[in-house]
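K.L.:
Fold the following, please.
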Amino acid sequence: MTALSEFGQAASARRELPPSMVERMTLIIDAFDGRFTQLTLEDVARCTHLPRSTAHRILDQLVRLNWLEHSSFGYSLGKRALGIGGGDGSHGEIREAAAPLLHDLQMRTRMVVHLAVLDGSEVFYLDKAGGRFALSVPSRVGGRAPAHSTALGKAILAWLEPERVDELVGGKVSRLTSRTIGDIGTLHQELNRVRQRQGLAYERGENVPSISCAAAAIRGHEGPVASISLVGDTRTPLENVAPLVVDAARQASLALFPDLDSQRGRSRQAVRVPDRNWSAETMNRLLTMGGNDGWL
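P.N.:
All right, here's what the predicted structure looks like:
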C-alpha cells in the first residue's frame, strides 16, 4: 500500500505540472526578477517546483536561444529576455548605460534599485537590482505600475508639459492605497513640488502600503527618457540617500547624451536639466524640501 500511495502522489504531482513547454519556460524566466539575479539549477527547480531534470533541460534550451545566460555563478537573464516588452530599441541602450550605475547604487546603499520608462499612464520596469532584498519588493523586470502612484512615474511626469500629463494620466488617477494621489489637480501640485526639488520625487505607501521610494529622471535633449529609484520600507530615511539617486540619474543622462552639458549652456530654457554640479548648500536645501513635503 505504501508503494502504491507513493506512486499515486508522484503521478498527482506530475499531473499538476504546467502542461505546455511555453508555460514551463515562463515559470523559469519569471523566477529571475531582475537583471542581476543569478540562480543555480537548484534555485530554479525550487522556485518553479519543476523536477530538476526538467528544469535543467529547459534551462539549456533557454541558454542556447539567448533567453538566459550561464556562467560559473549560475543562470541570469540573457539579451533576448531583457528585450521583452520594450518595443523600443532605445530601451536596450538605456539599460546598458544605467546598469553600472544601478549596481553601484545598490552596493552603496544595500537597497533595491529600479530603472523604468514611461509607457502611457504606467511605468514599465526595465531593470531591478537588490540582491537578496529584491524578493521583498513586489516588482519585476517587465512589470508595470501606475505612473501617478510611483516615484519613478512622478519623476518623469514632472518634466512633461501639463497638457501631456493630462493626456496620459488625466482619466486614470485612482487610489491604490489611502496615501495615493486621487485626482489630477493634486497630482499637478505634487509634480510642481518635484520640479522645485530639482527633479527629486518621493512616494511613501502610495503604490504598495509598505514601500517607499525616491526617484529622479534620466533626461535628454527632448525631455525625460527614464527614471531611477531607490526603494525601502516606509520607515526608511530616504532623505539620506536621495542625493545618490539624483547623481545616478545625472550620470546616466550624460552617458546617453554626452553633449548634454554643452547644449545646456546654449539653451537653458529649451532643455530643463538640473545643474551638473550639486554643491553642499544645494544638497542641504534639496533634502530640507524633501523632508517638508506633504507626501512624505
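K.L.:
How much space separates the residue nearest to residue 174 when sequence neighbours are not counted from residue 214?
P.N.:
Of all residues not flanking residue 174 in the chain, residue 182 sits nearest, at 6.8 Å (CB to CB, 6 or more residues apart in numbering). For glycine as for every other residue, the C-beta is placed from the backbone atoms N, C-alpha and C. Noted for residue 182: a distance of 22 Å to residue 214, by CB to CB, to the nearest Å.
K.L.:
go on, residue 56?
P.N.:
Taking CB to CB as the measure, residue 56 falls 41 Å from residue 214.
K.L.:
Name the residue in those two with the higher neighbour count.
P.N.:
Neighbours around residue 56 and residue 214, counted as other CB atoms under 10 Å, are more numerous at residue 214. The numbers are 30 against 14.
K.L.:
Please identify the buried residues of the strand or helix carrying the more buried one?
P.N.:
Counting by DSSP states H and E, the element that carries residue 214 is strand 211-220. Buried residues in strand 211-220, counted by 16 or more other CB atoms under 10 Å: 211, 212, 213, 214, 215, 216, 217, 218, 219, 220.
K.L.:
next one: that strand to chain centre, how far?
P.N.:
Strand 211-220 sits 9 Å away from the centroid of its parent chain (CA atoms, centre = their mean, to the nearest Å).
K.L.:
sorry, back to before: out of the buried residues of strand 211-220, which is nearest to residue 242?
P.N.:
residue 214 (4.5 Å; CB to CB).
K.L.:
So in terms of bridging, what pairs with the closest one?
P.N.:
residue 202, residue 230 (DSSP bridges).
K.L.:
Residue 106 and residue 112 touch, don't they?
P.N.:
Yes: counting by CB atoms under 8 Å, residue 106 does reach residue 112; the two are 7.3 Å apart.
K.L.:
who touches both of the two?
P.N.:
129, 130 (CB atoms under 8 Å, 6 or more residues apart in numbering).
K.L.:
Low-confidence stretches in the stretch 101-250 of the chain?
P.N.:
131-132 (pLDDT under 70).
K.L.:
Do a quick rundown of the strands in it.
P.N.:
Along the stretch 101-250 of the chain, the segments classed as strands by DSSP state E, counting those that start in this stretch run 112-119, 122-129, 144-146, 201-204, 211-220, 223-233.
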